[in-house]
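Chemist: What shape does this take:
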Amino acid sequence: GGDNGGNSKVYANSDLRPNDVLLGRGKGVQLFEGNVAFRKVIESRKDAYASADQKCGDKIRLAREVYEIIRSPSARYTSNGSSNGQQQPYQQHQQLGGRFLKQAESIEAVSAELRSDRPVCYYRGSYWVEVSENVAVDKCKTALRQKDAISRPQQQQQKRETTGKRMGQLLNNVDEDEGGAAAGAVAAVGGDTTASASA
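Modeler: Here you go, the predicted model:
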């Protein structure tokens, strides 16, 4: 990210919420708990989006539905057990609705948000500001359209696994095709190296 006024949280007027969605790239953004939850919501609606009718407005309806799920406050219920083993009544903890946030482009942009009394959050050395509803819904549509919503770290892991499997197959093919000749050639080279090293 860019320099947003150093490593100080001095301009932040709001904390990140666990259900906020950070727009952007990178491991820190992809692994943020709100982004993980967002991808789960997206995955649950991908099939419906793929078969939805554009002309009837079904696709935009599904994107707005995802937006509303993220924006809606959610109640979490927890139970406090007492020391005597009796169950205490459930307590409700209200969680504020999530927001769609982008990295602020400059300290001037942060100042403008603060003057307008809009939220400014600080995360991983950068300031984050809320985007408009239209931009957020558009991001939902983009995520729903993507072939798969797996994160970049997962893609890299899959690539490493696939490359490893291919290398194993190639080595097996060489052994089968050459009838062990490749192994003999390697041993011969190794023998020459050993002979010259011991001389």
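
Chemist: Now do the SS call for Tyr122.
Modeler: Applying DSSP: H, G, I helix; E, B strand; the rest coil to Tyr122 yields a three-state assignment of strand.

Chemist: nope, Asn13 is what I was after
Modeler: What three-state DSSP gives for Asn13 is coil.

Chemist: Could you tell me how far it is located from Val110?
Modeler: 10 Å (Cβ to Cβ, to the nearest Å). All C-beta atoms are positioned from the backbone trio N, CA, C, and that covers glycine.

Chemist: Of the two, which one has the most company?
Modeler: Neighbours were counted for Asn13 and for Val110 using other Cβ atoms under 10 Å; Val110 has more, 22 against 14.

Chemist: from memory the more buried one sits against Cys121, does it?
Modeler: No. Using Cβ atoms under 8 Å, Val110 is not in contact with Cys121, being 10.3 Å away.

Chemist: intersection of neighbour lists for the two?
Modeler: Common neighbours of Val110 and Cys121 (criterion: Cβ atoms under 8 Å, 6 or more residues apart in numbering): Tyr127, Val129.

Chemist: how about stretch 134-151: buried residues?
Modeler: Using 16 or more other Cβ atoms under 10 Å as the test for burial, stretch 134-151 gives Ala136, Val137, Asp138, Lys139, Cys140, Lys141, Ala143, Leu144, Ser151.

Chemist: Any chance you could list residues touching both of Asn13 and Val110?
Modeler: Val120.

Chemist: Could you double-check that Asp104 sits in contact with Ser126?
Modeler: Not quite, residue 104 is Ala, not Asp. Yes. Using Cβ under 8 Å, Ala104 makes contact with Ser126 at a distance of 7.0 Å.

Chemist: Strands of this structure, start to end?
Modeler: Assigned by DSSP state E, the strands in the chain fall at 21-23, 74-81, 87-95, 100-103, 120-123, 126-130.

Chemist: So the closest residue to Val66 other than its chain neighbours versus Arg124, what's the distance?
Modeler: For Val66, ignoring the flanking residues on the chain, the nearest one in space by Cβ to Cβ, 6 or more residues apart in numbering is Cys140 at 4.3 Å. The gap separating Cys140 from Arg124 is 23 Å, by Cβ to Cβ.

Chemist: and what of Glu133?
Modeler: Remark: distance between Glu133 and Arg124 (Cβ to Cβ) = 25 Å.

Chemist: What's opposite the residue nearest to Phe32 when sequence neighbours are not counted in the beta bridge?
Modeler: In space, Phe32 comes closest to Leu22 once its chain neighbours are excluded; the distance is 5.3 Å by Cβ to Cβ, 6+ apart. Using DSSP bridges, the bridge partners assigned to Leu22 are Leu101.

Chemist: wait, what's in contact with the residue nearest to Val66?
Modeler: The neighbourhood of Cys140, defined by Cβ under 8 Å, 6+ apart, consists of Ile42, Ala63, Arg64, Val66, Tyr67.
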